[in-house]
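fold the following for me, if possible:
(one chain, ligands or ions: 1)
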Amino acid sequence: MTASLLDGKALAQKVRDEVRADVSRFVAEHGRPPGLDVVLVGEDAASVVYTRNKEKASNEVGMRGRLHRLPAETSEAELLARVAELCADETVDGILVQLPLPKQIREDRVIEAIDPDKDVDGFHPISAGRLATGKPGLVPCTPSGCMRLLAEAGVKLEGARAVVVGRSNIVGKPMAQLLLAANATVTMAHSRTKDLASVCREADVLVVAVGRARMVRGDWVKPGAVVIDVGMNRDEAGKLCGDVNTEEAREKASFITPVPGGVGPMTIAYLLENTVRAARMRLGKKKGG
Ligand code: GUN
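Predicted coordinates for the structure are as follows:
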């Protein structure tokens with residue numbers, strides 16, 4: 001079997017078009033666009049590019065996107081003060097503080113200072129708790145994008161065996177929660193899992209988010225499985241690659257996400273979608289008292 005490629009670039013464009021239409025409706029209803037505020041501390045080259053892309057993407061769909069750039073030597077107290085201002089600002093619907101932060105700032109303190117109703121990254125412990133308990137809330141963007149890729153491929157999750165490799169708070173754990181909520185039987189595997197290859201071979205749906213170039217080999221994939229590769233690495237030759245050996249896995253899987261052009265573009269698309277959701281959720285709560 002040669003797997004069909006799940007085209008995240010095209011699907012992300014479709015999601016952005018959906019968000020653009022939703023933003024127009026929001027403006028008509030509320031007289032202002034949803035606002036996304038991205039905060040970057042320091043000059044990390046990759047973070048500068050990522051945050052500019054987030055600001056640009058939000059403005060392209062008609063939101064009010066703003067990038068706040070703070071110097072690398074910003075103190076934790078100064079960053080917390082900026083976050084508090086954004087939490088109090090009624091025109092701010094989504095707050096994203098780009099990670100990693102400089103070493104003098106504790107990431108967890110900053111994440112916990114964000115109003116969970118404006119937490120468009122879905123990283124706040126309250127957001128994680130809402131997801132785990134099935135309450136409405138904001139869900140991390142990358143796992144949301146993976147679920148949309150699965151839906152678009154028509155993958156039936158109910159009763160399916162899903163294996164998530166990687167247990168980060170940002171991808172692995174929320175991904176497992178979303179698959180569980182969709183009635184899959186979920187196994188979480190990680191660097192200490194014994195005989196990882198045979199655990200992976202049980203998966204009808206295999207999601208890999210470990211950050212190790214081409215770690216998952218073709219013979220780890222069950223024939224006909226759906227493979228979602230969240231990895232974005234550079235190999236020894238400097239070439240972009242995922243956590244899965246795509247060439248090998250393609251011979252076994254029914255669907256697979258390419259790297260680049262698979263999961264990556266979906267993350268920003270779902271950041272935009274989360275921002276409109278956050279805006280509607282907050283306004284709905286205010287109306288309801
Ligand atoms: N750094 C790399 N990816 C992300 C992300 O999705 N959100 C935040 N806040 N920082 C990041």
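
how about residue 271, nearest residue that isn't a chain neighbour?
Excluding the flanking residues, the one nearest residue 271 by C-beta to C-beta, 6 or more residues apart in numbering is residue 141, at 4.8 Å. Yep, even glycine has a C-beta here, placed from its N, CA and C like the rest.

ok, how many other residues are close to the residue in the stretch 151-289 of the chain positioned nearest to the ligand?
Distances from the stretch 151-289 of the chain to the ligand, computed as C-beta to the nearest ligand atom, single out residue 267 as the nearest residue at 6.1 Å. Counted by other C-beta atoms under 10 Å, the residues lying close to residue 267 total 21.

show me the contacts for it.
141-142, 145 (C-beta atoms under 8 Å, 6 or more residues apart in numbering).

what's the answer for residue 188, then?
163-164, 167, 172-173, 176.

still on that earlier bit, pipe the contacts of residue 267 into a markdown table and attach secondary structure per row.
Shown next, in a markdown table, are these (DSSP: H, G, I helix; E, B strand; the rest coil):
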| residue | secondary structure |
| --- | --- |
| 141 | helix |
| 142 | helix |
| 145 | helix |
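
let's have those residues in CSV, adding distance to residue 59 and neighbour count.
Shown next, in CSV, are the contacts of residue 267 (distance: C-beta to C-beta, whole Å; neighbours: other C-beta atoms under 10 Å):
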residue, distance to residue 59, neighbour count
141, 18, 24
142, 22, 22
145, 20, 28
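
which residue is the nearest non-sequential neighbour of the residue of the chain found nearest the ligand?
Closest residue of the chain to the ligand, C-beta to the nearest ligand atom: residue 99 (3.7 Å). Leaving out its chain neighbours, the residue that sits closest to residue 99 by C-beta to C-beta, 6+ apart is residue 107, at 6.1 Å.

show me the contacts for that neighbour.
Contact analysis of residue 107 by C-beta under 8 Å, 6+ apart lists 99-101.

now the helices: where do they sit in the stretch 101-250 of the chain?
107-113, 125-133, 141-152, 172-181, 196-200, 246-250 (DSSP state H, counting those that start in this stretch).

distance from the chain centre to the third one, please.
For helix 141-152, the gap between its own C-alpha mean and the chain's C-alpha mean amounts to 9 Å (C-alpha atoms, centre = their mean, to the nearest Å).

just the CA atoms of it, as PDB, please.
Extracted C-alpha coordinates of helix 141-152, given in PDB (Å, rounded to 0.1, in the frame of the first residue of the first chain):
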ATOM      1  CA  CYS A 141      -3.600  24.500  18.400                       C
ATOM      2  CA  THR A 142      -1.400  21.600  17.100                       C
ATOM      3  CA  PRO A 143      -3.600  18.800  18.500                       C
ATOM      4  CA  SER A 144      -6.700  20.600  17.200                       C
ATOM      5  CA  GLY A 145      -5.100  20.700  13.800                       C
ATOM      6  CA  CYS A 146      -4.200  17.000  13.900                       C
ATOM      7  CA  MET A 147      -7.900  16.200  14.800                       C
ATOM      8  CA  ARG A 148      -9.000  18.200  11.800                       C
ATOM      9  CA  LEU A 149      -6.600  16.400   9.500                       C
ATOM     10  CA  LEU A 150      -8.000  13.100  10.700                       C
ATOM     11  CA  ALA A 151     -11.600  14.300  10.200                       C
ATOM     12  CA  GLU A 152     -10.800  15.500   6.700                       C
END
